[in-house]
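Participant: please find the sequence and the predicted model below.
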Amino acid sequence: MMDSKSKNKLLIIDDDADLRYSLKRVLSAKNFVLLEAESGEAGLKLAAQEKPQVILLDNRMPGMTGIETLQHLRGENPNAMIILMTAFGTTQTTIEAMKFGAFDYIMKPFDPKQIVSLTEAALAASSDLDKASVSMGGDVDSVVSAEDLEGGIVGSSAAMQTVFKIIGQVAASDATVMVTGESGTGKELIARAIHHNSLRASKPYIAVNCAAIAENLIESELFGHEKGAFTGATQQHVGKFERCDSGTIFLDEIGDMALATQTKILRALQEGEIQRVGGSETIKVDVRMLAATNRPLEEMVKEKTFREDLYYRLNVVRVPLPALRERMEDVPSLVDFMLKRLARDSKTESKHISKEALAVLQSYDWPGNVRELENLIYRSAVMAQGDAILVKDLPEDVVQATSSKPKGKKSLKLANTPTKNADALDAAYAHLRSENDKDLLRVMERALISRALAETDGELGSAARILGMTRPTLRKRMEQHGLTS
């Protein structure tokens, strides 16, 4: 156990002297003994001597990077809570930071209150570990390749940063993962990222779209079949589970799978064994399973169209992917990535997009999510006559959908400021008081939905975004309240 003098030590590792000074000023009023180092190498030496419980670590430094320093620190200071800081957030950095045991990941510039809150939480976590004598170190010597994910998951929004953190935390385990989200959000990219960062990364990865295979063929595709098992089975066929032995299999749209096949999937999960169609031999397989769906499995379980035991076996860790309309701040970086990848693939100079065209894209609701955006960018880049995509190069229906939206009417949206929140709620409550109805919540909800529909001229996507709900949910609530758009 550490002595009382060392319990509140905090080490700042950053090559920026001004930032170290600013952090020390912000944290000086707290119960920390503040230490500082100007490089990863110096930080490792100081950490070995002082054993700090909390470490603020910059990622981009001359010499040893933050990720490299993090890996060494985890082995030598297993109970230290390490917060990675960077002004250049990337998908891979976030994933690797969490995979190699960072307590959290914070983007520069950050709010002083945020860094104080985060360091205090880190200190509390380290103290809990120290009291329980829990060791977290030891298994990070094997370094996975640091190249960017070829699949191209892009996003610096809070919602996507949460997704990246989950990937980093779950990747090294063999836990079954369920990726959920609307069609087009990139569920297979998440599955590939988990495999890419796992201990099975060098082993096979096979993705299966369960909805694209006929029901009478899917068992043969997954488990294989023996010669003569059915009409047309002229030779033995090795299924995807066998071919994926020691690797990762991704079952996309698993909610479309028949109950009989679900039973065999459950056996493969529980027992680690399969049987080919028409065969009697039991075949052992070591496969990590990832699954995805855009269907409501919880409701399907209640309706007996999806096995409850399989649902719980698959849903060990859930990764909920946000719809694109819920992370519109990622649109510029997504567009930039897509244009650069298109230029690389076509071996041409990368185009860029005008501010006006980008503003249109950031006002659109994207019912098809990232897949729709990718198709639009490809089409617009082809249509663009110069080196820039202009508004005239965008599909007419997208431009019209955004131009019909009312401008400057944001009063209903609950902003991140107390005054605007209070104004919106006061307006709703005034409407509520005018209704002599005992069901207060129902009346308030109806008033808010009515106001949102009025402000958006009945445009459901915009109204749903203002109200913080999905379009299907809004339609259902409108039906319940007898409202029409």
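Facilitator: Thanks, I have it.
Participant: pLDDT below threshold where in the stretch 201-350 of the chain?
Facilitator: Residues of the stretch 201-350 of the chain meeting the criterion pLDDT under 70: none.
Participant: helices of that one, residue ranges please.
Facilitator: Taking DSSP state H, counting those that start in this stretch as the test, the helices found in the stretch 201-350 of the chain are 215-223, 240-243, 259-271, 297-302, 308-314, 331-346.
Participant: those helices: which one's closest to A201?
Facilitator: Closest approach to A201 among the helices of the stretch 201-350 of the chain (C-beta to C-beta): helix 240-243, 17.0 Å. Glycine gets a C-beta too; all of them are placed from N, C-alpha and C.
Participant: about what we covered before: now tabulate the helices of the stretch 201-350 of the chain in a markdown table and tack on mean neighbour count.
Facilitator: Shown next, in a markdown table, are the helices of the stretch 201-350 of the chain (neighbours: other C-beta atoms under 10 Å):
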| stretch | mean neighbour count |
| --- | --- |
| helix 215-223 | 18 |
| helix 240-243 | 18 |
| helix 259-271 | 15 |
| helix 297-302 | 14 |
| helix 308-314 | 17 |
| helix 331-346 | 16 |
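Participant: between the ones you listed, which one is closest to I95.
Facilitator: Ranking these by their distance to I95 (criterion: C-beta to C-beta) puts helix 331-346 first, at 16.1 Å.
Participant: next, the buried residues of stretch 378-396.
Facilitator: Neighbour counts over stretch 378-396 (16 or more other C-beta atoms under 10 Å) mark 380-381, 384, 389, 391, 393-394 as buried.
Participant: check for me that A401 belongs to a helix.
Facilitator: Yes. Counting by DSSP: H, G, I helix; E, B strand; the rest coil, A401 is part of a helix.
Participant: does it touch Y364 like I think?
Facilitator: Yes. Taking contacts as C-beta atoms under 8 Å, A401 lies within contact range of Y364: 6.1 Å.
Participant: got the contact list for the residue nearest the centre of the chain?
Facilitator: Nearest to the geometric centre of the chain sits V163, at 2.3 Å (C-alpha atoms, centre = their mean). Taking C-beta atoms under 8 Å, 6 or more residues apart in numbering, we find V163 in contact with 155, 190, 319-322.
Participant: show the buried residues in the residues you listed.
Facilitator: Neighbour counting with 16+ other C-beta under 10 Å marks 155, 190, 319, 321-322 as buried within these.
Participant: can you give me the buried ones in the helix or strand harbouring L474?
Facilitator: Taking DSSP states H and E as the criterion, L474 maps to helix 471-481. Under the neighbour-count criterion of 16+ other C-beta under 10 Å, helix 471-481 has 471, 474, 477-478 buried.
Participant: which one of those is nearest F100?
Facilitator: Among the buried residues of helix 471-481, R471 lies closest to F100 (C-beta to C-beta), at 39.2 Å.
Participant: what about the residue nearest to the closest one when sequence neighbours are not counted, neighbour count?
Facilitator: With C-beta to C-beta, 6 or more residues apart in numbering as the criterion, R471 has its nearest non-adjacent residue at 4.8 Å, and that residue is A464. Other residues near A464 come to 22 when the count uses other C-beta atoms under 10 Å.
Participant: per-residue confidence for A464?
Facilitator: Looking at A464, its pLDDT stands at 80.
Participant: hmm, it is touching R477, no?
Facilitator: No. Taking contacts as C-beta under 8 Å, A464 lies outside contact range of R477: 9.7 Å.
Participant: residue farthest from the centroid of this structure?
Facilitator: Residue distances from the centre of the chain (C-alpha atoms, centre = their mean) peak at G228, which lies 44.9 Å from the mean C-alpha position.
Participant: so where's the stretch 1-150 of the chain shaky on pLDDT?
Facilitator: Low-confidence segments of the stretch 1-150 of the chain (pLDDT under 70): 1-7, 89, 128-150.
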